[in-house]
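1. Quick one, what's the 3D model for this:
(2 chains)
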Amino acid sequence: MLTKRVIACLDMDGGRVVKGVRFKNLRDAGDPAECASAQCRNGADEIVLLDITATSGHRGTLLDAVRSTARSLFVPFTVGGGIRQLEDAAAVFDAGADKIAINSAAVHDPSLIGKIAGRFGSQAVVVAIDARKAERGFEVFVAGGRVPTGRDAIQWAREAADHGAGEILLTSMDRDGTKSGFDCQLVRAVAEAVSIPVIASGGAGSARDFIEVFHEGYADAALAASIFHFGIENIAELKRELHEAGIPVRWPC
Amino acid sequence: MIAIVDYGAGNLNSVKKAFDYLGAKVVVTDRPATIAGADKIVFPGVGHFSSLQALEPTGLREALLQGASSGKPFLGICVGMQWLFEGSEESPDVAGAGIFPGKCQRFPSSVKSPHVGWNSLAIQADSRLLRGIAQESYVYYTHSFHAPLVTSMSAATDYGLWFAGAVEQGNIFGVQFHPEKSGDVGLSILKNFCEV
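-> I've put the predicted structure just below:
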């Protein structure tokens, strides 16, 4: 039986894993390669590495981090942040990523999705969507959540899938960093709208939140960062609780 | 020496990295002569079945067919396993190797496609490739088309229907999942291949 995935996200700034609340008050959480290995030993089904500064001056740092992290990682490894064109994606794959995540660049030029998928396969292209509840529905934001686009998140997810995205990484900006639970309404709306897998992100605080987003949000996978970094929630323990709640997970792993 | 066949589709780094980690001597190659001189052949595939068209003009198809029939250990991964069958609905004009019978088909509309994530193996028989792998072990899949159930199947997986997760006939092995992305279970499978 296909299991629900628990994905550990590492936010990286200047070559180090950091964690803050809504990108503020950043605290050092360690070396990316060490963090990734530790999360895998704990049972993470995948690793996502996001370069949160992602300016062109940092590309070398990102690629070094991808290389060292990929070296001893044998679960799927996604890298995002600052990928604006096919060449950026190619460099990240070359450094050892299995999938890339694109956000703003895909909104600006949806054909980028197809270009990357055409060369590396749809399974390698994750379209990340940052969404916030609007008066009607959910609105897409870009540039790290700073710039509203006026676009509807559900419609954009459909369009991204049509362009060849392999998965949607869906972050609720309202819940991100709050530990108040995933936005199941948002996740479910997108999961029902597309046939590709949806990874829920933003708001994870407890095992109950994961159970809820799998049961009620129809998520295929759920991602969290902060609750794993500082040992608030151990992935092995989380998966045991999910297993006991009847959610199919890779456990023991 | 193990030849990892590069036919220009997708990213072979992960497969190479896993063999490197196991201490195997590997070379990524697009040259038929290198394949002919290798002790073992790994044929990884990603993306669309139609990308296998590229095998014909480059002489790689012939080299792969010869390699597979020579008795050398041969491992097809993902689309590389699908190629071992007669063909795929994904691209009906492109011929597979026809070593295993039947064609690969799309998943039924009752399940999400692609099939992405960790799913379990129902291990069918004495398999050399899956030696020591526990029943119901989880492996990582990502694909939209699946191979049919065949008699020379070493493992099956359930996703809306049962399909061949791994096949084995003599020294020819195929896995639909990605052993290079399947944690310790996957590394054990690749190690078994190295030791065949």
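2. CA atoms for contacts and neighbours, from now on please.
-> OK.
3. Give me the secondary structure label for the residue positioned nearest the centre of chain A.
-> A centroid search over chain A (Cα atoms, centre = their mean) returns A:L169, at 5.0 Å, as the residue closest to the centre. When classified by DSSP: H, G, I helix; E, B strand; the rest coil, A:L169 comes out as strand.
4. Output the set of residues of the stretch 51-200 of chain A in proximity to chain B.
-> Residues of the stretch 51-200 of chain A lying close to chain B (Cα under 8 Å from any Cα of the partner chain) are A:71-76, A:93-94, A:96, A:98, A:119-123, A:166, A:195-197.
5. Among those, the buried ones, what's the PyMOL command?
-> Restricted to buried positions by 16 or more other Cα atoms under 10 Å in any protein chain shown, the PyMOL selection for those reads:
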select buried, chain A and resi 71+73+74+75+76+93+94+96+98+119+120+121+122+123+166+195+196+197
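6. hang on, the earlier thing: list the residues that contact the residue nearest to the centre of chain A.
-> By Cα atoms under 8 Å, 6 or more residues apart in numbering or on different chains, the contact list for A:L169 reads A:126-129, A:198-201.
7. again, only using 6 Å
-> The contact partners of A:L169, by Cα atoms under 6 Å, 6 or more residues apart in numbering or on different chains, come to A:128, A:199.
8. does it have beta-bridge partners, and which?
-> On the basis of DSSP bridges, A:L169 is bridged to A:A128, A:I199.
9. any idea of the mean pLDDT for stretch B:108-124?
-> The average of the pLDDT scores along stretch B:108-124 is 94.
10. gap between the two ends of it?
-> 23 Å (Cα to Cα, to the nearest Å).
11. any residue of that stretch up close to chain A?
-> Yes: Stretch B:108-124 reaches chain A (Cα under 6 Å from any Cα of the partner chain) through B:112, B:118-119.
12. and what of stretch B:43-58?
-> Yes: counting by Cα under 6 Å from any Cα, chain A has neighbours in stretch B:43-58: B:G47.
13. Let me see the residues that make contact with that stretch.
-> By Cα under 6 Å, 6+ apart, the list of residues contacting stretch B:43-58 reads A:121, B:4-5, B:10, B:61, B:76-80, B:91.
14. in it, what's buried?
-> B:43-49, B:51-53, B:55.
15. helices or strands up against the worst-scoring helix or strand of chain A on mean pLDDT?
-> The weakest-scoring helix or strand in chain A, judged by mean pLDDT, DSSP states H and E, is helix A:226-229 (a mean of 71). The helices and strands touching helix A:226-229, judged by 3 or more Cα pairs under 6 Å, 6 or more residues apart in numbering or on different chains; DSSP states H and E, number zero.
16. Save the buried residues of stretch B:43-58 as JSON lines, and put in secondary structure too.
-> Output for those, formatted as JSON lines (three-state DSSP):
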{"residue": "B:F43", "secondary structure": "strand"}
{"residue": "B:P44", "secondary structure": "strand"}
{"residue": "B:G45", "secondary structure": "strand"}
{"residue": "B:V46", "secondary structure": "coil"}
{"residue": "B:G47", "secondary structure": "coil"}
{"residue": "B:H48", "secondary structure": "coil"}
{"residue": "B:F49", "secondary structure": "helix"}
{"residue": "B:S51", "secondary structure": "helix"}
{"residue": "B:L52", "secondary structure": "helix"}
{"residue": "B:Q53", "secondary structure": "helix"}
{"residue": "B:L55", "secondary structure": "helix"}
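17. just curious, which of the residues you listed is nearest to A:L186?
-> B:G47 (29.8 Å; Cα to Cα).
18. do you know how far B:L64 is from B:I2?
-> B:L64 sits at a distance of 13 Å from B:I2 (criterion: Cα to Cα).
19. Grab the longest helix from chain B for me.
-> Across chain B, the helix with the greatest residue count (assigned by DSSP state H) is helix B:183-195.
20. which secondary structure elements does that helix contact?
-> Using 3+ Cα pairs under 6 Å, 6+ apart, helix B:183-195 sits against no helix or strand.
21. which parts of chain B sit against chain A?
-> Counting by Cα under 6 Å from any Cα, chain B comes close to chain A at B:10, B:47, B:112, B:118-119, B:158, B:181-183.
22. Write the PyMOL selection for whichever of those are buried.
-> In PyMOL, a selection of the buried entries from the residues of chain B next to chain A looks like this (16+ other Cα under 10 Å):
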select buried, chain B and resi 10+47+112+118+119+181+182+183
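23. Need the max-distance pair from the residues of chain B next to chain A.
-> Pairwise distances across those peak at 26.5 Å for B:G10 and B:D158 (criterion: Cα to Cα).
24. circling back: closest to B:R128 among the contacts of stretch B:43-58?
-> Of the contacts of stretch B:43-58, the one sitting nearest to B:R128 (Cα to Cα) turns out to be B:G76, at 14.8 Å.
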